[in-house]
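Colleague: with the sequence up front, the predicted model follows.
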Amino acid sequence: MPTSTNWIDFRAIRQGVTMKEILARYGVQLRQVHPEVLRGKCPLPSHSSKSAYSFIVQTRKNLWSCHSSSCAGARNGRIGGNVLDFVAAMENCSLRDAAGRIVGWFDNPIRKQPVAPPRVGQPDLAEEGQGSNPALKFALHGIEATHPYLAVRGITAETAAAFGIGFYGHEGIMRGRIVIPIHNDAGELVAYAGRSIDDTEPKYRFPKGFRKSMELFNLHRTAPARCVIVVEGFFDTMNVYQAGYPNVVALMGSTLSELQERKLIGHFDEVLLMLDGDPPGREATEKIAGKLAGKVKLSVASVPDGTQPDQLSAPALRRMLRPEPVRRITNSVGNRPAESPPGETIKNRARQDER
Ligand SMILES: [Zn+2]
């Protein structure tokens, strides 16, 4: 039975002490990569990998996460949490003991103003870490991974299996479509996209309530702290993946939401934009580059005019992506992207390989 002397208000501690204060207590220094995001080396004893930038703190939400899978695995699969979870992980103690320590360190932390008063009616994002669609309560069964449509789109059986996609012939809104599972940051299934296999409209069908702008497709399969290729669509992602570039995510469109921006900056050191080579794609590239400039290392792939990444052969993609793939964009805030280098050779070579 709790008594007045051992009763601890976890919620008040969560809201009264900032991650910054806790990090300072441990002498942990992180880099400010965004007005609301700190990043750096993971200080947790559960961390064994060499990844240098896997530890992320979202200062406004007062949450932390480490995206090293071995580190999360050593903490029962938890990617991150709040101040109490952090101290418990650092000290290898219970939440109750962590709360006790925090109260001892800070002068009555529960009297302070809440760090981030939760807005009424807003779900607690602590579990999701970054804000996400809720996990689906079911999964589709009977997905045929070897449908001819996938071969037509150049998707190999291995890639189809890796992404869990295939033809769905059973009852429901996805009937007769290629279904593509979409996961949140934590790897939970949150939706299926249903691609029509003829020219039936809509080309893509999504479940009601699903918000594309809250996710980056394929983010949960990428390695954090490295360069990520950003494409528009699902098939772009899969084509780039099977060309040997597993660190690829899709916007599921050609706009970058604020949440998607935060996820990119929070997870990766470098972003390579590889949107479609048509006027809307070029325009979107400029817009997105403008948003990201100065916040992350940024470059733009020279996708040939009139093509998109899902139409390029693996050799064409590889030639585009190395050794001189892209036009570099300056790293300082407010600078306009540099003009494209001539790049004609690359473009011409890529054209011959198109399918
Ligand atoms: Zn870690």
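Modeller: It's in. Numbers count the residues shown, from 1 in each chain.
Colleague: relative to residue 53, how far out is the spatially closest residue to residue 49 that is not a sequence neighbour?
Modeller: Spatially, and ignoring its direct neighbours in sequence, residue 49 is nearest to residue 68 (4.5 Å; C-beta to C-beta, 6 or more residues apart in numbering). In this view, the C-beta of every residue, glycine as well, is placed from N, C-alpha and C. Distance of residue 68 to residue 53, computed by C-beta to C-beta, to the nearest Å: 10 Å.
Colleague: rewinding a little: residue 11 versus the residue nearest to residue 49, what's the distance?
Modeller: For residue 68, the distance to residue 11 (C-beta to C-beta) stands at 29 Å.
Colleague: surely the residue nearest to residue 49 meets residue 42?
Modeller: Yes - taking C-beta atoms under 8 Å as the contact criterion, residue 68 and residue 42 are neighbours in contact, 6.4 Å apart.
Colleague: can you list residues touching both of those two?
Modeller: Listed contacts common to residue 68 and residue 42 are 51, 54; contacts here mean C-beta atoms under 8 Å, 6 or more residues apart in numbering.
Colleague: helices along the stretch 1-150 of the chain, start to end?
Modeller: Secondary structure of the stretch 1-150 of the chain (DSSP state H, counting those that start in this stretch): helices at 10-16, 19-26, 69-73, 83-91, 95-105, 148-152.
Colleague: nearest residue to the middle of the protein?
Modeller: For the chain, the residue whose C-alpha lies nearest the mean C-alpha position (C-alpha atoms, centre = their mean) is residue 219; its distance is 4.0 Å.
Colleague: who are the contact partners of that one?
Modeller: With C-beta under 8 Å, 6+ apart, residue 219 has these contacts: 183, 185, 249, 263, 267.
Colleague: again with residue 82
Modeller: Each residue near residue 82 by C-beta under 8 Å, 6+ apart is listed here: 14, 62-64, 126.
Colleague: cool, residue 19 as well?
Modeller: Applying C-beta under 8 Å, 6+ apart, one finds that residue 19 lies in contact with 38, 57, 59, 62-64, 83, 86.
Colleague: so which of residue 68 and residue 11 has more stuff around it?
Modeller: Looking at residue 68 and residue 11 with other C-beta atoms under 10 Å, you find the greater number of neighbours at residue 68, namely 22 against 13.
Colleague: would you mind measuring from the more buried one to residue 159?
Modeller: Relative to residue 159, residue 68 is positioned 25 Å away (criterion: C-beta to C-beta).
Colleague: which residues in the stretch 201-350 of the chain form helices?
Modeller: Using DSSP H, counting those that start in this stretch, the helices found in the stretch 201-350 of the chain span residues 234-242, 258-267, 279-292, 314-321, 344-352.
Colleague: could you look over those helices and pick the most buried one?
Modeller: Using mean count of other C-beta atoms under 10 Å, the stretch among these with the largest mean neighbour count is helix 234-242, at a mean of 25.
Colleague: against which helices or strands is that one packed?
Modeller: Packing partners of helix 234-242 (3 or more C-beta pairs under 8 Å, 6 or more residues apart in numbering; DSSP states H and E): helix 157-163, strand 227-231, strand 248-250, helix 314-321.
Colleague: ok and the last one relative to helix 234-242, angle-wise?
Modeller: Think helix 314-321. Using axes from the mean of the first three to the mean of the last three C-alpha atoms, to 10 degrees, the inter-axis angle of helix 314-321 relative to helix 234-242 is 90 degrees.
Colleague: how about the second one?
Modeller: On the basis of the same axes, to 10 degrees, strand 227-231 is oriented at 150 degrees to helix 234-242.
Colleague: relative to strand 227-231, what are the paired strands and their orientations?
Modeller: Strand pairing for strand 227-231, determined by DSSP bridges: strand 248-250 (parallel), strand 270-273 (parallel).
Colleague: tell me which residues of that strand come out buried.
Modeller: 227-231 (16 or more other C-beta atoms under 10 Å).
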